[in-house]
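A.B. asks: Give me a model of this one.
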Amino acid sequence: KLRCAFSQDSQYPKYVQHILLNEQAQLKLWLENGAAIYVCGCLAGMGESVHQTLLDILGEEALESLQQQERYIRDVY
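C.D. replies: Next up, the predicted model:
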C-alpha cells in the first residue's frame, strides 16, 4: 500500500503525519507483523511532527522498543 504526501502542493498539501493518523490501524497491523519505520528528511517540521505523531499513535514505550529493535530508524538533519 502506498500513500504519497506532497507537502509542496500549493492547492492540496498533504503531510506524512496526517497520513499516519489516517492509517494508524494499518500501521499498527504492519508493525505487529514485523514492519519497520524509516524516516528521512528535515528534522525541523517533518521529522519532529512525524516523531510526535508516532508517539501519539504508539506510545513512548512502543516507540522506544522499535528503536531498540532497529525497526524505527531516523535519518533527519
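A.B. asks: Name the residues of the helix ranked longest in the chain that come out as buried.
C.D. replies: The single longest helix within the chain, with elements called by DSSP state H, is helix 48-58. Buried positions in helix 48-58, judged by neighbour count with 16 or more other Cβ atoms under 10 Å: 50-51, 53-54, 57-58. C-betas here are computed from N, CA, C, even on glycine.
A.B. asks: For it, give me every contacting residue.
C.D. replies: Residues outside helix 48-58 that contact it (Cβ atoms under 8 Å, 6 or more residues apart in numbering) are 15-17, 20-21, 24, 27-28, 31, 37, 39, 63, 66, 72, 74.
A.B. asks: repeat for stretch 30-40
C.D. replies: 16, 47, 50-51, 54, 58, 66, 70-76.
A.B. asks: gap between the two ends of that stretch?
C.D. replies: One end of stretch 30-40 sits 19 Å from the other (Cα to Cα, to the nearest Å).
A.B. asks: So for it, mean pLDDT?
C.D. replies: Mean pLDDT, stretch 30-40: 94.
A.B. asks: Run the chain-centre distance for it.
C.D. replies: Centroid separation for stretch 30-40 versus its chain: 9 Å, with Cα atoms, centre = their mean, to the nearest Å.
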